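Participant: structure for the following, please:
(one chain, ligands or ions: 1)
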Amino acid sequence: MPNAKEDKILEKLKQQREKDFSFSKGNILGSMCTQPYPIAKKAYMMFLETNLGDPLLFPGSKEIEKKYIDFLKKLLNAPRNSEGLIGSGGTESNLSAIWLAKKINPKRRELIVPQSAHFSFEKIASIMDIKLVNIPLDKDYRMDANVVRKKINNKTIAVVGIAGSTELGTIDPIPELGRICYDENVFLHVDAAFGGYIIPFLKKLEYNVPDFDFKVKGVSSITIDAHKMGCSAIPLGSLVIRDKKWMGKISVDTPYISSVKQPGILATRSAAPVAAAYAVAEYLGFEGYKEIMETCMKNTMYVKKRIEDLGLNLITNPTMNVLAIKLKNPCKTVDLLTKQGWKVNKMSRLSSIRIVVMPHITKKVIDSFIPVFKKTCRKTGDL
Ligand code: PLP
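Facilitator: Numbers count the residues shown, from 1 in each chain. Below you'll find the model as predicted:
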(Lines give C-alpha, C1' and ligand atoms only; values in the text may rest on other atoms or scores of the structure.)
Protein backbone atom coordinates (compact mmCIF):
# COMPACT_ATOMS: atom_id res chain seq x y z
CA MET A 1 0.00 0.00 0.00
CA PRO A 2 1.49 3.42 -0.89
CA ASN A 3 2.40 5.42 2.18
CA ALA A 4 2.78 9.09 1.32
CA LYS A 5 4.20 10.10 4.70
CA GLU A 6 6.89 7.43 4.53
CA ASP A 7 7.74 8.29 0.91
CA LYS A 8 8.18 11.95 1.83
CA ILE A 9 10.59 11.16 4.68
CA LEU A 10 12.55 8.72 2.57
CA GLU A 11 12.80 11.25 -0.23
CA LYS A 12 14.21 13.78 2.25
CA LEU A 13 16.74 11.23 3.45
CA LYS A 14 17.72 10.39 -0.12
CA GLN A 15 18.43 14.05 -0.81
CA GLN A 16 20.64 14.25 2.27
CA ARG A 17 22.47 11.06 1.33
CA GLU A 18 23.18 12.48 -2.12
CA LYS A 19 25.26 15.23 -0.48
CA ASP A 20 27.66 12.54 0.83
CA PHE A 21 30.78 11.35 -0.90
CA SER A 22 30.56 7.63 -1.49
CA PHE A 23 32.87 4.64 -1.48
CA SER A 24 30.99 3.00 -4.33
CA LYS A 25 31.48 6.02 -6.62
CA GLY A 26 35.21 5.72 -5.91
CA ASN A 27 35.77 9.37 -5.05
CA ILE A 28 36.83 8.78 -1.42
CA LEU A 29 40.57 8.27 -1.69
CA GLY A 30 41.70 8.98 1.84
CA SER A 31 39.55 6.74 4.04
CA MET A 32 40.48 3.47 5.72
CA CYS A 33 36.92 2.20 5.17
CA THR A 34 35.38 0.89 1.98
CA GLN A 35 32.06 -0.17 0.51
CA PRO A 36 30.84 -3.29 2.33
CA TYR A 37 31.12 -6.50 0.35
CA PRO A 38 27.64 -7.31 -1.12
CA ILE A 39 26.95 -10.23 1.26
CA ALA A 40 27.67 -7.92 4.23
CA LYS A 41 24.66 -5.77 3.33
CA LYS A 42 22.34 -8.80 3.15
CA ALA A 43 23.61 -10.28 6.43
CA TYR A 44 23.36 -6.86 8.13
CA MET A 45 19.68 -6.50 7.23
CA MET A 46 18.88 -10.02 8.53
CA PHE A 47 20.17 -9.15 12.01
CA LEU A 48 18.80 -5.63 12.32
CA GLU A 49 16.49 -6.58 15.19
CA THR A 50 19.04 -8.12 17.55
CA ASN A 51 20.89 -7.24 20.75
CA LEU A 52 24.08 -9.07 21.67
CA GLY A 53 23.97 -7.29 25.02
CA ASP A 54 21.14 -9.65 26.04
CA PRO A 55 22.56 -12.89 24.67
CA LEU A 56 20.02 -15.43 25.97
CA LEU A 57 17.35 -13.63 23.97
CA PHE A 58 19.49 -13.97 20.85
CA PRO A 59 21.33 -17.31 21.07
CA GLY A 60 21.63 -17.57 17.29
CA SER A 61 23.32 -14.18 17.09
CA LYS A 62 25.59 -15.12 19.99
CA GLU A 63 26.74 -18.24 18.10
CA ILE A 64 27.57 -16.14 15.05
CA GLU A 65 29.62 -13.84 17.28
CA LYS A 66 31.56 -16.85 18.62
CA LYS A 67 32.18 -18.13 15.08
CA TYR A 68 33.45 -14.72 14.00
CA ILE A 69 35.77 -14.56 17.04
CA ASP A 70 37.07 -18.04 16.10
CA PHE A 71 37.85 -16.69 12.61
CA LEU A 72 39.80 -13.76 14.11
CA LYS A 73 41.68 -16.07 16.49
CA LYS A 74 42.77 -18.20 13.56
CA LEU A 75 43.74 -15.15 11.51
CA LEU A 76 45.86 -13.78 14.37
CA ASN A 77 47.43 -17.11 15.43
CA ALA A 78 45.83 -16.71 18.85
CA PRO A 79 46.29 -19.49 21.40
CA ARG A 80 43.36 -21.77 22.27
CA ASN A 81 42.96 -20.05 25.60
CA SER A 82 42.48 -16.62 24.00
CA GLU A 83 39.21 -14.72 23.77
CA GLY A 84 37.64 -11.99 21.64
CA LEU A 85 35.58 -8.95 22.50
CA ILE A 86 33.51 -7.35 19.78
CA GLY A 87 32.97 -3.60 19.74
CA SER A 88 32.26 -0.63 17.55
CA GLY A 89 35.74 -0.06 16.11
CA GLY A 90 39.40 0.57 16.78
CA THR A 91 38.87 3.29 19.38
CA GLU A 92 36.67 1.13 21.58
CA SER A 93 38.94 -1.93 21.25
CA ASN A 94 42.01 0.13 22.15
CA LEU A 95 40.16 1.55 25.15
CA SER A 96 39.15 -1.96 26.30
CA ALA A 97 42.76 -3.15 25.92
CA ILE A 98 44.17 -0.34 28.07
CA TRP A 99 41.34 -0.72 30.57
CA LEU A 100 42.38 -4.39 30.88
CA ALA A 101 46.09 -3.57 31.18
CA LYS A 102 45.28 -1.03 33.91
CA LYS A 103 43.17 -3.60 35.77
CA ILE A 104 46.13 -6.00 35.72
CA ASN A 105 48.36 -3.27 37.24
CA PRO A 106 45.94 -0.80 38.86
CA LYS A 107 48.56 1.47 40.44
CA ARG A 108 50.44 2.20 37.21
CA ARG A 109 49.80 5.45 35.36
CA GLU A 110 51.89 5.63 32.18
CA LEU A 111 51.12 4.33 28.72
CA ILE A 112 53.98 4.03 26.23
CA VAL A 113 52.88 4.79 22.64
CA PRO A 114 54.71 5.63 19.41
CA GLN A 115 54.49 9.18 18.05
CA SER A 116 52.49 7.64 15.19
CA ALA A 117 49.73 6.34 17.50
CA HIS A 118 46.12 6.97 16.49
CA PHE A 119 44.43 9.83 18.37
CA SER A 120 42.22 7.27 20.14
CA PHE A 121 45.08 6.93 22.66
CA GLU A 122 44.78 10.60 23.54
CA LYS A 123 41.10 10.03 24.29
CA ILE A 124 41.99 6.93 26.32
CA ALA A 125 44.58 8.86 28.35
CA SER A 126 42.00 11.56 29.03
CA ILE A 127 39.21 9.11 29.98
CA MET A 128 41.50 7.05 32.23
CA ASP A 129 43.46 10.04 33.54
CA ILE A 130 46.81 8.49 32.67
CA LYS A 131 49.93 9.89 31.03
CA LEU A 132 51.05 9.11 27.48
CA VAL A 133 54.79 8.58 27.04
CA ASN A 134 55.49 9.28 23.37
CA ILE A 135 58.29 7.35 21.72
CA PRO A 136 60.09 8.84 18.71
CA LEU A 137 60.13 7.06 15.38
CA ASP A 138 63.20 5.73 13.57
CA LYS A 139 64.15 6.78 10.04
CA ASP A 140 61.54 4.35 8.66
CA TYR A 141 58.77 5.94 10.76
CA ARG A 142 58.58 2.97 13.16
CA MET A 143 58.60 3.09 16.95
CA ASP A 144 62.17 3.03 18.25
CA ALA A 145 62.38 -0.14 20.36
CA ASN A 146 65.63 0.96 22.06
CA VAL A 147 63.89 4.02 23.48
CA VAL A 148 60.96 1.85 24.60
CA ARG A 149 63.35 -0.35 26.61
CA LYS A 150 64.70 2.74 28.38
CA LYS A 151 61.27 4.23 29.11
CA ILE A 152 59.68 1.14 30.71
CA ASN A 153 59.52 1.48 34.49
CA ASN A 154 57.33 0.48 37.42
CA LYS A 155 54.67 3.02 36.33
CA THR A 156 54.20 1.46 32.87
CA ILE A 157 50.66 0.17 32.31
CA ALA A 158 51.37 -1.10 28.81
CA VAL A 159 53.34 -0.57 25.63
CA VAL A 160 51.36 0.01 22.44
CA GLY A 161 52.81 -0.99 19.06
CA ILE A 162 51.07 -0.17 15.77
CA ALA A 163 50.69 -2.70 12.97
CA GLY A 164 49.51 -0.49 10.11
CA SER A 165 49.84 3.12 11.25
CA THR A 166 47.07 5.53 10.40
CA GLU A 167 49.25 8.04 8.59
CA LEU A 168 51.72 5.85 6.71
CA GLY A 169 50.67 2.21 7.12
CA THR A 170 54.00 1.39 8.78
CA ILE A 171 54.46 -1.56 11.13
CA ASP A 172 56.29 -1.12 14.44
CA PRO A 173 58.96 -3.73 15.31
CA ILE A 174 56.52 -5.99 17.16
CA PRO A 175 58.98 -8.94 17.59
CA GLU A 176 61.49 -6.62 19.34
CA LEU A 177 58.74 -4.97 21.41
CA GLY A 178 57.44 -8.46 22.27
CA ARG A 179 60.85 -9.53 23.52
CA ILE A 180 61.22 -6.37 25.64
CA CYS A 181 57.72 -6.61 27.13
CA TYR A 182 58.06 -10.34 27.80
CA ASP A 183 61.37 -9.78 29.64
CA GLU A 184 59.97 -6.85 31.60
CA ASN A 185 56.59 -8.52 32.22
CA VAL A 186 54.74 -5.57 30.67
CA PHE A 187 51.44 -5.79 28.77
CA LEU A 188 51.97 -5.29 25.00
CA HIS A 189 48.94 -4.15 23.02
CA VAL A 190 49.15 -4.20 19.22
CA ASP A 191 46.88 -1.75 17.43
CA ALA A 192 46.25 -3.60 14.19
CA ALA A 193 42.91 -1.84 13.58
CA PHE A 194 43.98 -1.30 9.98
CA GLY A 195 46.76 -3.86 9.46
CA GLY A 196 45.11 -6.85 11.12
CA TYR A 197 43.24 -7.81 7.97
CA ILE A 198 46.26 -6.95 5.77
CA ILE A 199 49.54 -8.23 7.21
CA PRO A 200 48.51 -11.93 7.31
CA PHE A 201 47.79 -11.75 3.58
CA LEU A 202 50.91 -9.73 2.75
CA LYS A 203 52.81 -12.57 4.42
CA LYS A 204 51.03 -15.13 2.24
CA LEU A 205 51.94 -12.96 -0.78
CA GLU A 206 55.57 -13.07 0.43
CA TYR A 207 55.94 -9.38 1.21
CA ASN A 208 58.68 -8.69 3.71
CA VAL A 209 56.60 -7.76 6.77
CA PRO A 210 57.37 -8.56 10.41
CA ASP A 211 55.37 -10.84 12.70
CA PHE A 212 52.79 -8.79 14.54
CA ASP A 213 50.34 -11.26 16.07
CA PHE A 214 50.16 -13.84 18.89
CA LYS A 215 53.04 -15.78 17.33
CA VAL A 216 55.12 -13.13 19.10
CA LYS A 217 54.96 -14.43 22.67
CA GLY A 218 55.09 -11.00 24.34
CA VAL A 219 51.91 -9.81 22.58
CA SER A 220 49.04 -9.57 25.08
CA SER A 221 46.19 -8.19 22.95
CA ILE A 222 45.37 -7.06 19.41
CA THR A 223 42.82 -4.63 17.97
CA ILE A 224 41.49 -5.53 14.51
CA ASP A 225 38.69 -3.80 12.55
CA ALA A 226 36.34 -5.49 10.12
CA HIS A 227 35.05 -2.12 8.93
CA LYS A 228 38.45 -1.27 7.47
CA MET A 229 40.23 -3.90 5.32
CA GLY A 230 37.80 -6.59 6.53
CA CYS A 231 35.56 -5.10 3.81
CA SER A 232 32.52 -5.21 6.06
CA ALA A 233 29.95 -2.74 7.30
CA ILE A 234 30.57 0.04 9.82
CA PRO A 235 30.70 -0.29 12.86
CA LEU A 236 32.79 -3.31 13.76
CA GLY A 237 36.09 -3.65 15.56
CA SER A 238 37.39 -6.38 17.84
CA LEU A 239 39.88 -6.93 20.59
CA VAL A 240 41.52 -10.34 20.90
CA ILE A 241 43.22 -11.05 24.23
CA ARG A 242 45.80 -13.77 24.88
CA ASP A 243 44.19 -15.20 28.03
CA LYS A 244 40.43 -15.55 28.37
CA LYS A 245 40.76 -15.35 32.18
CA TRP A 246 41.54 -11.65 31.75
CA MET A 247 38.03 -10.99 30.42
CA GLY A 248 36.74 -11.11 34.03
CA LYS A 249 38.80 -8.00 34.79
CA ILE A 250 36.78 -5.93 32.31
CA SER A 251 33.39 -7.47 33.11
CA VAL A 252 30.64 -6.38 35.46
CA ASP A 253 27.64 -8.18 36.99
CA THR A 254 24.42 -7.79 35.02
CA PRO A 255 21.65 -8.35 37.54
CA TYR A 256 18.66 -7.61 35.29
CA ILE A 257 19.46 -9.07 31.86
CA SER A 258 19.86 -12.59 30.57
CA SER A 259 23.62 -12.92 31.13
CA VAL A 260 25.37 -13.14 34.52
CA LYS A 261 28.29 -10.88 33.63
CA GLN A 262 29.04 -8.62 30.68
CA PRO A 263 32.51 -7.80 29.37
CA GLY A 264 33.56 -4.61 27.60
CA ILE A 265 32.21 -1.09 27.37
CA LEU A 266 28.93 -1.34 25.53
CA ALA A 267 25.73 -2.97 26.78
CA THR A 268 23.15 -2.93 23.99
CA ARG A 269 24.82 -3.70 20.69
CA SER A 270 23.54 -5.00 17.39
CA ALA A 271 24.54 -8.36 15.94
CA ALA A 272 24.07 -6.88 12.44
CA PRO A 273 27.69 -5.76 11.88
CA VAL A 274 28.95 -9.00 13.45
CA ALA A 275 26.81 -11.10 11.08
CA ALA A 276 28.05 -8.93 8.20
CA ALA A 277 31.72 -9.43 9.10
CA TYR A 278 31.19 -13.15 9.62
CA ALA A 279 29.40 -13.46 6.26
CA VAL A 280 32.25 -11.69 4.42
CA ALA A 281 34.83 -13.87 6.17
CA GLU A 282 32.94 -17.04 5.24
CA TYR A 283 32.37 -15.85 1.68
CA LEU A 284 35.89 -14.68 0.94
CA GLY A 285 37.91 -17.00 3.16
CA PHE A 286 41.65 -16.41 3.54
CA GLU A 287 42.12 -16.97 -0.19
CA GLY A 288 39.57 -14.26 -1.13
CA TYR A 289 41.13 -11.72 1.22
CA LYS A 290 44.55 -12.55 -0.19
CA GLU A 291 43.32 -11.79 -3.73
CA ILE A 292 41.82 -8.46 -2.61
CA MET A 293 45.09 -7.54 -0.92
CA GLU A 294 47.09 -8.50 -3.99
CA THR A 295 44.98 -6.15 -6.12
CA CYS A 296 45.20 -3.34 -3.55
CA MET A 297 49.00 -3.65 -3.48
CA LYS A 298 49.24 -3.66 -7.30
CA ASN A 299 47.10 -0.54 -7.38
CA THR A 300 49.19 1.04 -4.63
CA MET A 301 52.33 0.57 -6.71
CA TYR A 302 50.47 1.98 -9.70
CA VAL A 303 49.55 5.14 -7.74
CA LYS A 304 53.17 5.42 -6.56
CA LYS A 305 54.43 5.25 -10.14
CA ARG A 306 51.89 7.79 -11.41
CA ILE A 307 52.74 10.19 -8.55
CA GLU A 308 56.49 9.84 -9.04
CA ASP A 309 56.09 10.24 -12.82
CA LEU A 310 54.51 13.65 -12.08
CA GLY A 311 57.73 14.59 -10.27
CA LEU A 312 56.30 14.40 -6.73
CA ASN A 313 57.70 12.39 -3.80
CA LEU A 314 56.25 10.05 -1.22
CA ILE A 315 57.14 10.43 2.46
CA THR A 316 58.22 6.77 2.54
CA ASN A 317 57.95 3.67 0.43
CA PRO A 318 54.53 2.07 1.13
CA THR A 319 54.54 -0.95 3.47
CA MET A 320 50.90 -1.59 2.72
CA ASN A 321 48.16 0.14 0.72
CA VAL A 322 48.76 3.61 2.22
CA LEU A 323 50.65 6.40 0.43
CA ALA A 324 51.60 9.83 1.73
CA ILE A 325 52.46 12.44 -0.92
CA LYS A 326 54.72 15.33 0.15
CA LEU A 327 53.16 18.71 -0.67
CA LYS A 328 53.84 22.36 0.15
CA ASN A 329 50.33 23.15 1.35
CA PRO A 330 48.31 19.98 1.87
CA CYS A 331 45.28 21.85 3.29
CA LYS A 332 44.95 23.94 0.12
CA THR A 333 45.34 20.84 -2.07
CA VAL A 334 42.64 19.03 -0.09
CA ASP A 335 40.26 22.02 -0.44
CA LEU A 336 40.80 22.29 -4.18
CA LEU A 337 40.37 18.55 -4.70
CA THR A 338 37.19 18.52 -2.60
CA LYS A 339 35.71 21.25 -4.81
CA GLN A 340 36.38 18.98 -7.80
CA GLY A 341 34.66 16.00 -6.13
CA TRP A 342 37.68 14.09 -4.78
CA LYS A 343 38.29 13.37 -1.11
CA VAL A 344 41.86 12.79 0.11
CA ASN A 345 43.09 13.26 3.70
CA LYS A 346 45.46 16.01 4.76
CA MET A 347 48.30 15.13 7.10
CA SER A 348 49.57 18.47 8.36
CA ARG A 349 52.08 16.81 10.72
CA LEU A 350 53.90 15.30 7.73
CA SER A 351 53.07 18.08 5.23
CA SER A 352 51.42 15.56 2.95
CA ILE A 353 48.16 14.06 1.80
CA ARG A 354 47.17 10.43 2.37
CA ILE A 355 45.72 8.06 -0.18
CA VAL A 356 44.52 4.68 1.07
CA VAL A 357 44.20 2.28 -1.82
CA MET A 358 41.13 0.44 -0.56
CA PRO A 359 39.28 -2.09 -2.76
CA HIS A 360 37.06 0.67 -4.23
CA ILE A 361 40.17 2.47 -5.60
CA THR A 362 40.48 0.71 -8.92
CA LYS A 363 42.96 1.45 -11.72
CA LYS A 364 40.14 3.27 -13.52
CA VAL A 365 39.56 5.50 -10.48
CA ILE A 366 43.31 6.24 -10.31
CA ASP A 367 43.40 7.12 -14.01
CA SER A 368 40.54 9.61 -13.54
CA PHE A 369 42.10 11.13 -10.42
CA ILE A 370 45.68 11.71 -11.61
CA PRO A 371 44.94 14.39 -14.29
CA VAL A 372 42.79 16.33 -11.77
CA PHE A 373 45.53 16.03 -9.16
CA LYS A 374 48.18 17.17 -11.65
CA LYS A 375 46.21 20.31 -12.54
CA THR A 376 45.61 21.00 -8.84
CA CYS A 377 49.33 20.68 -8.05
CA ARG A 378 50.06 23.25 -10.78
CA LYS A 379 47.70 25.67 -9.04
CA THR A 380 49.29 25.11 -5.61
CA GLY A 381 52.82 25.44 -6.95
CA ASP A 382 53.76 21.84 -6.18
CA LEU A 383 54.43 21.30 -9.90
N1 PLP B 1 43.87 2.56 15.29
C2 PLP B 1 44.32 2.79 14.05
C3 PLP B 1 45.70 2.33 13.69
C4 PLP B 1 43.53 3.44 13.11
O5 PLP B 1 44.02 3.69 11.90
C6 PLP B 1 42.23 3.87 13.50
C7 PLP B 1 41.38 4.59 12.56
O8 PLP B 1 41.73 4.90 11.46
C9 PLP B 1 41.80 3.60 14.81
C10 PLP B 1 42.64 2.95 15.68
C11 PLP B 1 40.44 4.05 15.26
O12 PLP B 1 39.47 3.24 14.68
P13 PLP B 1 37.93 3.67 14.68
O14 PLP B 1 37.86 4.87 13.82
O15 PLP B 1 37.27 2.45 14.10
O16 PLP B 1 37.53 3.92 16.08
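Participant: make it CA atoms for all contacts and neighbour counts henceforth
Facilitator: OK.
Participant: what's the single longest helix in this protein?
Facilitator: Ordering each helix of the chain by length in residues (DSSP state H) puts helix 272-310 first.
Participant: after that helix comes which helix or strand?
Facilitator: For helix 272-310, the following helix or strand on the C-terminal side (DSSP states H and E) is strand 322-326.
Participant: which other residues reach whichever helix or strand comes after that next one?
Facilitator: Moving toward the C-terminus from strand 322-326, the next helix or strand (DSSP H and E) is helix 330-339. Applying CA atoms under 8 Å, 6 or more residues apart in numbering, the external contacts of helix 330-339 come out as 343-348, 351-353, 372-373, 376-377, 380.
Participant: re earlier: could you give the angle of the longest helix of the chain to strand 322-326?
Facilitator: 40 degrees (axes from the mean of the first three to the mean of the last three CA atoms, to 10 degrees).
Participant: mind listing which of the contacts of helix 330-339 are in helices?
Facilitator: Using DSSP H, the contacts of helix 330-339 in helices are 372, 373, 376, 377, 380.
Participant: looking at pLDDT only, which of the contacts of helix 330-339 scores worst?
Facilitator: Ranked by pLDDT, the contacts of helix 330-339 bottom out at residue 348 (88).
Participant: contacting residues for that residue?
Facilitator: 330, 331.
Participant: I'd like to know how far it sits from residue 329.
Facilitator: 8 Å (CA to CA, to the nearest Å).
Participant: go on, residue 341?
Facilitator: 19 Å.
Participant: which one's more surrounded, these two?
Facilitator: residue 329 (17 against 12; other CA atoms under 10 Å).
Participant: pretty sure the more buried one is touching residue 349, no?
Facilitator: No: taking contacts as CA atoms under 8 Å, residue 329 lies outside contact range of residue 349: 11.4 Å.
Participant: in three-state terms, how would residue 111 be classified?
Facilitator: With DSSP: H, G, I helix; E, B strand; the rest coil as the basis, residue 111 sits in strand.
Participant: which residue packs closest to it, ignoring adjacent ones?
Facilitator: Distance criterion CA to CA, 6 or more residues apart in numbering; nearest residue to residue 111, sequence neighbours excluded, is residue 132 at 4.9 Å.
Participant: state the helix or strand in which that neighbour lies.
Facilitator: Going by DSSP H and E, residue 132 is in strand 131-135.
Participant: list the helices and strands that strand packs on?
Facilitator: Contact partners of strand 131-135 among helices and strands, from 3 or more CA pairs under 8 Å, 6 or more residues apart in numbering; DSSP states H and E: strand 110-114, helix 120-128.
Participant: quick one: the strands in the stretch 151-300 of the chain?
Facilitator: Listed in chain order, the strands found in the stretch 151-300 of the chain under DSSP state E, counting those that start in this stretch are 156-162, 187-191, 219-225, 237-241, 251-253, 261-263.
Participant: in its sheet, what does the fifth one sit against?
Facilitator: Strand partners for strand 251-253, identified by DSSP bridges, are recorded as strand 261-263 (antiparallel).
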